[in-house]
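[1] Make a model of this:
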Amino acid sequence: MGGSHLGYAGKKAPAAPAKPEAVELPQEMMLELVQAFCRDTRSDPASAAADKFRNSLITNAGDSSVRLRNSRLGMHSGVCMGKVFKTHPLATLDLQGNVMR
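    Take a look at the predicted model:
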């Protein structure tokens, strides 16, 4: 059988639901979070780790939810998020696997 996208009885499979367009956090908030991440990890803001975290924020932080699992976030990031998200309410904040206590 070929690589056809036809499902049972020759009908085309339904398209996947469209992913809602992500709304980025304001630039100032992102900068503060990256700086806090750098303090937690003792990395330079121009480092590859900071770039990876910045990309993670862009990818996983939307208008009403933030998902930053296993991002090596610590005390500085926690304090910063408390301040940042006080003015930017969220429905979901997922920080599983981070070292914040």
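
[2] what's the closest non-adjacent residue to the residue nearest the centre of the chain?
    Nearest to the geometric centre of the chain sits residue 60, at 2.1 Å (Cα atoms, centre = their mean). Once flanking residues are discounted, residue 60 sits nearest to residue 67: 4.5 Å by Cβ to Cβ, 6 or more residues apart in numbering. Glycine gets a C-beta too; all of them are placed from N, C-alpha and C.

[3] So what pairs up with that neighbour in the strands?
    residue 94 (DSSP bridges).

[4] tell me the pLDDT at it?
    Residue 67 is assigned 94 on the pLDDT scale.

[5] and what of residue 30?
    So residue 30 comes in at 89 (pLDDT).

[6] what do you get for residue 23?
    52.

[7] now the one 10 residues further on
    As predicted, residue 33 sits at a pLDDT of 94.

[8] is it true that it lies in a helix?
    Yes. Checked against DSSP: H, G, I helix; E, B strand; the rest coil, residue 33 lies within a helix.

[9] since we're on it, how many residues are nearby?
    24 (other Cβ atoms under 10 Å).
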